[in-house]
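[1] Got a predicted model here, sequence first, then my questions.
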Amino acid sequence: MNLFEVNSDTCNQDGICAAVCPAGLIDLPENAYPTPIDGAEEVCIRCGHCVAVCPTGSLAHHTMTAEQCTPIRKDFKLTAEQCEHFLRSRRSIRAYKNKPVPQDELAKLIEVARYAPSGHNSQCVQWSVLGSRDELNSLGGIVIDWMRHLIVNMPELAAAMHIEKAVKRWEAGADVVLRNAPVLIIAHAEKDNRTAPAACTIAMTYLELAATSMGLGCCWAGYFNAAATTFPPMMKALALPQGHISFGAMMVGYPKFKYQRMPTRKTPEITWRLG
């Protein structure tokens, strides 16, 4: 099977597909139509750029056709002002309503997050979605056990992270680990995959932003993920696929409160080297 097919009746031979191909796999001979170079099948990362960019819909990759790719709606394009407002108004949510999140809403979040970029288009991110109150409470307790382990065995690190204070708050009844969030989403991948850390982080960021647009709130579960990557009892409890590790965990739920303003941030420190 050819890597891609070109409709010679509609192709205008503009060469855009060849120009955007990340690996330079498309040849455009003079007075001819786009063709894959020798060995293109083995190198192609199936990113779909060639299909997505063609203004006439003339190129069909063997893994996707133009008809399978959703058209971009110009009327949905954000203005720069709208984009800035959306990003600046996002908040990390640590107070949630006692309200479950429907599974179809969570599936929609992950559906959006799977379009996040990944190195070499590896699409290596896999997901675990936890929503049992008993299980979440149990996992929170394991994180506290990890904290107690740090206090005894790595006191300087524990002091820097204010771990003793967190343990005392937990013992007083406050969920300082998962904040009583109804759902925890974990992004995991093969631990030896070099693209995985960035891919999972970017995918989780997509998920967090998508959640905001759907009326949901999120917060990175930093304590939880630290335990998930270093503490054997947590690794056993999570039971991720063999060879996988968590590269990010996100609390998800409906925000209990609405924010009215956008807090300020530090002035960025920039070194300009523009030539």
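    Happy to help now that I have it. Numbers count the residues shown, from 1 in each chain.
[2] can we go C-alpha only for contacts and neighbour counts from here?
    OK.
[3] After whatever helix or strand residue 166 lives in, heading C-terminal, what element do we hit next?
    Take DSSP states H and E as the rule and residue 166 turns out to sit in helix 163-171. Sequence order places strand 183-190 as the next helix or strand after helix 163-171, per DSSP H and E.
[4] Which other helices and strands does that next one contact?
    In terms of contacts (3 or more Cα pairs under 8 Å, 6 or more residues apart in numbering; DSSP states H and E), strand 183-190 is packed against strand 126-130, helix 196-213, strand 244-253.
[5] And the last one, what's buried?
    Pointing back at strand 244-253 there. By neighbour count with 16 or more other Cα atoms under 10 Å, strand 244-253 contains the buried residues 244-253.
[6] tell me the mean pLDDT over it?
    For strand 244-253, mean pLDDT is 98.
[7] Report the angle between that strand and helix 196-213.
    With axes from the mean of the first three to the mean of the last three Cα atoms, to 10 degrees defining the directions, strand 244-253 sits at 10 degrees from helix 196-213.
[8] Point out the other elements, helices or strands, that strand 244-253 touches.
    Against strand 244-253 (3+ Cα pairs under 8 Å, 6+ apart) you get strand 183-190, helix 196-213, strand 217-220, helix 222-230.
[9] mind listing what's buried in stretch 165-177?
    Using 16+ other Cα under 10 Å as the test for burial, stretch 165-177 gives 166-167, 170, 175-177.
[10] any idea how far the closest residue to residue 136 other than its chain neighbours lies from residue 31?
    Ranked by Cα to Cα, 6 or more residues apart in numbering and with sequence neighbours excluded, the top spatial neighbour of residue 136 is residue 130, at 7.3 Å. Noted for residue 130: a distance of 57 Å to residue 31, by Cα to Cα, to the nearest Å.
[11] Mind checking which of those two has more residues around it?
    Counted by other Cα atoms under 10 Å, residue 130 and residue 31 do not tie: residue 130 has more neighbours, with 15 against 7.
[12] doesn't residue 137 make contact with that one?
    No - taking Cα atoms under 8 Å as the definition, residue 130 is not a contact partner of residue 137, at 11.0 Å.
[13] and the helix holding residue 166, what does it pack onto?
    Contact here means 3+ Cα pairs under 8 Å, 6+ apart; on that basis helix 163-171 packs against helix 133-153.
[14] The helix it packs on: how far from the chain's middle?
    25 Å (Cα atoms, centre = their mean, to the nearest Å).
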